[in-house]
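In: Can you look at this prediction? I've put the sequence above it.
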Amino acid sequence: MESVHHLHPRLMGSTRPLRVLLVGAGGSGSAVLLQLPFLEQALRAWGQPGLAVTVMDPDTVSEVNVVRQPFSHADIGANKAMCLVSRINMFWGFAWKAIPRYFGDSSAGASECDLLISCVDTRKARHLISQSFKKFRTPAYHLDLGNNASSGQYVLGQPKDVTVSARGQETRLPTVFELYPEIADITIGESVLPSCSAVEALDRQEPYINQTLAVSSLAMLARLLRYGQISYHGGFYNAETGRMAPLLVDLNQFAKMRRTAKKQRSKGAARSRG
């Protein structure tokens with residue numbers, strides 16, 4: 001049984017930049033965005049076309065954001081996505097884009113990207129993203145980052161688009177929505193509320209959680225784009241213990257998981273009919 005995932009065929013030997021849609025420019029989103037230029041530089045050094053990045057976020061910078069996000073007091077009131085993208089384009093000479101609005105059913109760029117990176121903190125936002133995979137041409141990959149006060153995770157998956165190995169086995173990476181469906185379950189309700197003060201912001205989320213997840217997830221992505229394969233597709237970080245545990249590519253487990261999900265869907269449909 002294979003223990004590695006191979007780069008999606010549609011991205012192999014591509015002559016155009018990898019189209020990235022980053023949803024969310026807050027704690028994790030801004031950390032990812034500020035590291036993407038280094039991935040761009042690395043790809044070009046390896047002879048690859050680089051990145052074409054679009055950032056989507058409707059939020060404006062608040063005074064509390066200045067505590068642990070890359071904004072200054074002069075940025076307060078400005079749209080987060082536009083502020084950061086403008087700064088990056090000016091420094092690096094890029095032409096990346098910002099969309100100052102929510103991700104929704106008709107979101108610009110959702111049907112055109114190769115990689116969708118979600119850095120959102122509500123089940124509602126993740127639910128909208130999961131539903132978009134059923135309506136648009138799906139991206140080759142979806143990378144999701146999430147965290148709580150002192151720990152977090154990142155998961156790389158492939159929405160819906162199935163690839164099959166020479167042995168007839170499905171080799172698609174399951175998405176975060178398949179592995180942890182509660183993350184997008186809007187019936188559960190939201191548990192995280194906006195912080196009202198600098199101290200509360202740091203109590204709700206310790207420093208450097210976002211940066212650790214951002215750098216680790218992009219290091220994984222860089223290996224996939226350079227070498228064409230990876231043996232893990234996510235990771236779990238705990239700041240209290242200092243441990244980072246990988247989410248390994250396990251095709252046996254993936255197949256078992258899909259069979260279980262199929263049985264559960266069949267039982268649910270049977271109950272509905274009864």
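Out: Alright, I've got the coordinates. Model, not experiment: these values are computed from the prediction.
In: can you give me the strands in the stretch 151-274 of the chain?
Out: 151-157, 229-230, 232-238, 243-248 (DSSP state E, counting those that start in this stretch).
In: Revised request: answer the last question for the stretch 1-150 of the chain.
Out: Taking DSSP E, counting those that start in this stretch to define them, one finds strands in the stretch 1-150 of the chain at 5-6, 18-23, 51-56, 97-99, 115-118, 141-147.
In: Tabulate the ones you listed (JSON lines), appending mean pLDDT, distance to Ala214 and mean neighbour count.
Out: Where C-beta positions appear, they are placed from N, C-alpha and C, glycine not excepted. Shown next, in JSON lines, are the strands of the stretch 1-150 of the chain (pLDDT from 0 to 100; distance: least, CB to CB, whole Å; neighbours: other CB atoms under 10 Å):
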{"stretch": "strand 5-6", "mean pLDDT": "93", "distance to Ala214": "21", "mean neighbour count": "19"}
{"stretch": "strand 18-23", "mean pLDDT": "97", "distance to Ala214": "11", "mean neighbour count": "25"}
{"stretch": "strand 51-56", "mean pLDDT": "97", "distance to Ala214": "14", "mean neighbour count": "24"}
{"stretch": "strand 97-99", "mean pLDDT": "95", "distance to Ala214": "18", "mean neighbour count": "20"}
{"stretch": "strand 115-118", "mean pLDDT": "97", "distance to Ala214": "10", "mean neighbour count": "25"}
{"stretch": "strand 141-147", "mean pLDDT": "96", "distance to Ala214": "7", "mean neighbour count": "24"}
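In: For Leu213, find the nearest of the ones you listed.
Out: strand 141-147 (5.1 Å; CB to CB).
In: That closest one - contacts with which helices or strands?
Out: Applying 3 or more CB pairs under 8 Å, 6 or more residues apart in numbering; DSSP states H and E, we find strand 141-147 packed against helix 27-45, strand 115-118, helix 123-135, strand 151-157, helix 176-179, helix 209-227.
In: Just say which of those is most tucked in.
Out: Comparing those by mean neighbour count (mean count of other CB atoms under 10 Å), strand 115-118 ranks first with a mean of 25.
In: which other helices and strands contact that strand?
Out: Judged by 3+ CB pairs under 8 Å, 6+ apart, strand 115-118 is in contact with strand 18-23, helix 123-135, strand 141-147.
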